[in-house]
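Q: here's a sequence, model it:
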Amino acid sequence: MKKALCVISGGMDSAVAAAIARRDGYEILGLHFDYNQRTQSRERQCFYDICSDLGAKSFVFDASFIAGIGGSALTDLSLEVPKNRKELFEGAKKSEPPITYVPFRNGIFLSIAVALAQKEGCEAVFLGLVEEDGSGYPDCSADFLAKMTAAIQSGTGTKTQLIAPLIAKNKSQIVKIGTELGVDFSHTYSCYESDSKPCGACDSCKLRARGFAAAGIKDPVS
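A: Numbering: from 1, shown residues only. Predicted structure coming up:
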């Protein structure tokens, strides 16, 4: 059976991307990164739950060195997580990423993920990147994905594919796809600020709420 390494944060997008990989006939290996983010413990538990749902072998990588780089409200508790950002709903081009952006996080994660995928004999790496309906992070774009794919294939001498099946989807479409695939959204978590219960006002909470509302499906976590 063909194998895919799925980078699973514990959020809804990566859970749905991993379910798509399973639907497409891949044997699933799940990879999660702990990087001293605010919601680390909740995200890790969701990762284990998602892997259990998928019947996937799980790997957790200690990436706490990322917190040492700083510059993000996700890892630096002295920085405030932005709330109720109007630009999320105004349809304007996001010129600068918000303070929740972790500098080149996805590039760092991808380098590690591809190394593990090569070692485990995986031909594809599945990612929950979303450009269409996200906070405006540059390392969630289709351009980033294409250029990283070229660099990785050149640097590994393989034809490893980076697959982000949701990159052009909006959150309501993602909710519907996940529901059709039987994703247990109670095993996912999206809040940037608190791992006890969703704050309801950060970018990720707002985007998630909008997606479930537009899909006409109740969020089991809210």
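Q: could you give the mean pLDDT of the longest strand seen in the chain?
A: Among the segments of the chain that qualify as a strand by DSSP state E, the longest is strand 27-34. The average pLDDT within strand 27-34 is 98.
Q: CA atoms of the host helix or strand of Ile177 as CSV?
A: If you go by DSSP states H and E, Ile177 is part of helix 171-180. Extracted C-alpha coordinates of helix 171-180, given in CSV (Å, rounded to 0.1, in the frame of the first residue of the first chain):
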residue,chain,number,x,y,z
LYS,A,171,-13.9,26.8,6.0
SER,A,172,-17.5,25.8,5.2
GLN,A,173,-16.3,23.6,2.4
ILE,A,174,-13.8,22.0,4.7
VAL,A,175,-16.5,21.3,7.3
LYS,A,176,-18.7,19.7,4.7
ILE,A,177,-15.8,17.6,3.3
GLY,A,178,-14.8,16.5,6.8
THR,A,179,-18.4,15.6,7.7
GLU,A,180,-18.8,13.5,4.5
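Q: now for the longest strand of the chain, which elements pack on it?
A: Applying 3 or more Cβ pairs under 8 Å, 6 or more residues apart in numbering; DSSP states H and E, we find strand 27-34 packed against strand 3-7, helix 12-23, helix 40-54, strand 57-62, helix 105-120. For glycine as for every other residue, the C-beta is placed from the backbone atoms N, C-alpha and C.
Q: so what touches that strand?
A: 1-10, 18, 21-22, 40, 43-44, 47, 50-51, 54-64, 109, 112-113, 116-117, 120, 122 (Cβ atoms under 8 Å, 6 or more residues apart in numbering).
Q: show me how far it is from its chain's centre.
A: Strand 27-34 has its C-alpha centroid displaced from the chain centroid by 11 Å (Cα atoms, centre = their mean, to the nearest Å).
Q: angle of that strand against strand 57-62?
A: Interaxial angle, strand 27-34 versus strand 57-62 (axes from the mean of the first three to the mean of the last three Cα atoms, to 10 degrees): 20 degrees.
Q: what pairs with strand 27-34, parallel or antiparallel?
A: According to DSSP bridges, strand 27-34 forms sheet pairs with strand 3-7 (parallel), strand 57-62 (parallel).
Q: other residues contacting the first one?
A: What it means is strand 3-7. Contacts of strand 3-7 (Cβ under 8 Å, 6+ apart): 14, 17-18, 21, 26-33, 54, 56, 109-110, 113, 116-117, 120-128, 163.
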